[in-house]
Every structure is written in C-alpha cells, then in structure tokens.
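Novice: Model the following, please.
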Amino acid sequence: MTKRKLELDWCSHKAAKWAVEHWHYSKRMPVGKQVMVGVWESGRFIGVVIFGRGANRHMAGEYRLVTTEAVELTRVALTEHDSPVSRIVAIATRLLGRQSPGIRLVVSYADPSQGHDGGIYKAMGWVYVGRSSPQAAVVGMHKRTASARYGTITGLQRTCVTWKHKYLMPLDALMRAQIEPLRKPYPKRARSETAETT
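Specialist: Numbering: from 1, shown residues only. Alright, predicted model coming up:
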C-alpha cells in the first residue's frame, strides 16, 4: 500500500472550524486569536492543528515569559489518516516557529477523561511536567470560554474540570535548559499515539 503524501500549510478559519466541529471530541472552536495549520494527505484535507493563547492567562508567566512568547496547542482535529499524529504536530510546530520566531514555548494538555495520556508528546520528546490544577468550568466549557461567549459567568451553572497531563515543547536551547529540570517520568501509555488528539 502506497503511503499518502503529507502536506501542511496555513488554512482558513472556516476550514479549521469545520474540522473541529466534525473531527474533534469537543466539537468547539477555541476562542481568541488562533494560528491554524491545515493538514492534507495526497491533496485531501484531513484536519487542522491549532495554536492559540489557551484558557490560562498566566501560562507564559509561569515560565518567566511574556504573553507573546508562549502559545498553547489547543486543538488537533483529524479525520482518518495514514501519517502519525506525532509527525503532523511536529511539522505544524516547526511551521509555527518559522512564522513566529518570538515564540519560545508551546504548552499542551492531554485529557485523561477522553482516554488521552500524551503519547503523541512522548513520541516527539516534549517535556512532561505532571498534572495541571483542576479548573472550574461553566455549562460544559472552560470558564474563560463561557465568559467570552456570554460576557459573564455570573448565574451560570458551574462544574469541575478534572486535571490534565501537561506537556511543554521549548523552541530554543535556552528555553529547553530552563524547563528540562521540570521534567517528570511520562505517564503510562493507555492508547496508540496515532489515535490520540488534543
């Protein structure tokens, strides 16, 4: 069987939104400014990798960075594909680094409630730093998303979001040296990394 040719390039918000709504478990496009990388195999659109500010406003500060120096990998939304997810995300991250050389760190989370443990990040050599703190949620979404959508979270039903596995990818040598001491053993792998998405 011939392997399909993999191509990644920037894509429109419309294409990214369609991929997220059809191929991502959340069915929700992240809010705020996003960098959207489309994915094609042999000319067929198979999904999107999205980077953005994420839900944690203090994410960059945790690593002594300013807001413009850190991004979150917020979505990996893919339909059936031949290429490993780890390869797709690695290429998308390199594209991001070339387009935005001021970005020094990419942060991502793996949600164990969705059966994800971060196998794709282990395959790419990301630094595992342990579990995130549990975050409050409103009507099934993160409180920041709810605030952006409704203008307030006052009066909305609140629930609790469980912790997630947290991974870091430094984009320069100094950043790697800074975060390497934070590395912890990878969690035990529960699923194939080719099936897992953010």
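Novice: pLDDT below threshold where in this protein?
Specialist: For the chain, the stretches flagged by pLDDT under 70 are 1-2, 134-161, 189-198.
Novice: Straight-line length of stretch 98-110, end to end?
Specialist: 25 Å (CA to CA, to the nearest Å).
Novice: Pull the residues that contact it.
Specialist: 35, 51, 54, 59-60, 63, 65, 68-73, 93, 96-97, 116-118, 121, 126, 132, 164-172, 174-175, 179, 196, 198 (CB atoms under 8 Å, 6 or more residues apart in numbering). Heads up, the C-betas are built off the backbone N, CA and C, glycines and all.
Novice: Now which of these would you call buried?
Specialist: 35, 51, 54, 59-60, 63, 65, 69-73, 93, 96-97, 116-118, 121, 126, 132, 164-171, 175, 179, 196, 198 (16 or more other CB atoms under 10 Å).
Novice: Quick one: name whatever helix or strand follows the longest helix seen in the chain.
Specialist: Ranked by residue count under DSSP state H, the longest helix found in the chain is helix 85-99. Downstream of helix 85-99, the first helix or strand assigned by DSSP states H and E is strand 105-110.
Novice: The helix or strand just after that next one packs against which elements?
Specialist: The C-terminal neighbour of strand 105-110 among helices and strands, as given by DSSP H and E, is helix 119-124. Other helices and strands packing on helix 119-124, by 3 or more CB pairs under 8 Å, 6 or more residues apart in numbering; DSSP states H and E, are helix 85-99, strand 165-170.
Novice: got the ones you listed as a markdown table, with distance to residue 42 columns?
Specialist: Formatted as a markdown table, the helices and strands packed on helix 119-124 follow (distance: least, CB to CB, whole Å):
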| stretch | distance to residue 42 |
| --- | --- |
| helix 85-99 | 14 |
| strand 165-170 | 28 |
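Novice: same for whichever helix or strand residue 177 is part of, what does it pack against?
Specialist: For residue 177, the host element (DSSP H and E) is helix 173-179. Here helix 173-179 touches strand 165-170, going by 3+ CB pairs under 8 Å, 6+ apart.
Novice: Can you tell me who residue 128 pairs with across the strands?
Specialist: residue 167 (DSSP bridges).
Novice: That should have said residue 73, apologies.
Specialist: Assigned bridge partners for residue 73, using DSSP bridges, are residue 51.
Novice: and the gap between it and residue 25?
Specialist: Using CB to CB, to the nearest Å, we find residue 73 at a distance of 15 Å from residue 25.
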